[in-house]
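Participant: return a 3D structure for these sequence lines:
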Amino acid sequence: MHRTRPSLLLIILALAIAGCGDAGAPVRERGDAFTVTLDDYLIRPQEVRVPKGRRMTVTVINQGQLGHTFRIRSVNHNVLRITTIKPGGRASRSFQLAAGNYTMFCAVANHEELGMSGTLTVG
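Facilitator: From the prediction side, this is the model:
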């Protein structure tokens, strides 16, 4: 009988999950608002660029089968927090950030590690 190592199975599973969706091209927002879609283990778009010095509004839509959160994190701490959005739900928040790179992610369990993260560039 042939046995497969558990770590190999985990790698195959992670690759399969990562390949389940298309994150799309980076989005450059010139207006004052943008939308992020959450799906199970994917944030779309995964790269968003917004102008510095402008108050922005993000609308987050959960198209997944699970509840998800949405956070924007700087190097040191969360700078925007949206609590659990149920499947089919949406939430909006306004914010203004200093120029730099931030991480967008879902804070539920290990969702970020499963691919629910992206980059927000303010500049």
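
Participant: for residue 107, phi and psi?
Facilitator: Backbone geometry at residue 107, expressed as degrees, to the nearest 10, gives phi -90, psi 0.

Participant: wait, doesn't it sit right on residue 69?
Facilitator: Yes. Using C-beta atoms under 8 Å, residue 107 is in contact with residue 69, at 4.6 Å. Bear in mind the C-beta positions are built from the backbone N, C-alpha and C, glycine included.

Participant: give me the more crowded residue out of those two.
Facilitator: A direct count of neighbours by other C-beta atoms under 10 Å for residue 107 and residue 69 places residue 69 higher, at 20 against 17.

Participant: I'd like the distance between that one and residue 111.
Facilitator: To residue 111, residue 69 is 8 Å away according to C-beta to C-beta, to the nearest Å.

Participant: same question for residue 96.
Facilitator: 26 Å.

Participant: the more surrounded of the two?
Facilitator: The neighbour count for residue 96 versus residue 111, taken as other C-beta under 10 Å, is higher for residue 111 (21 against 12).
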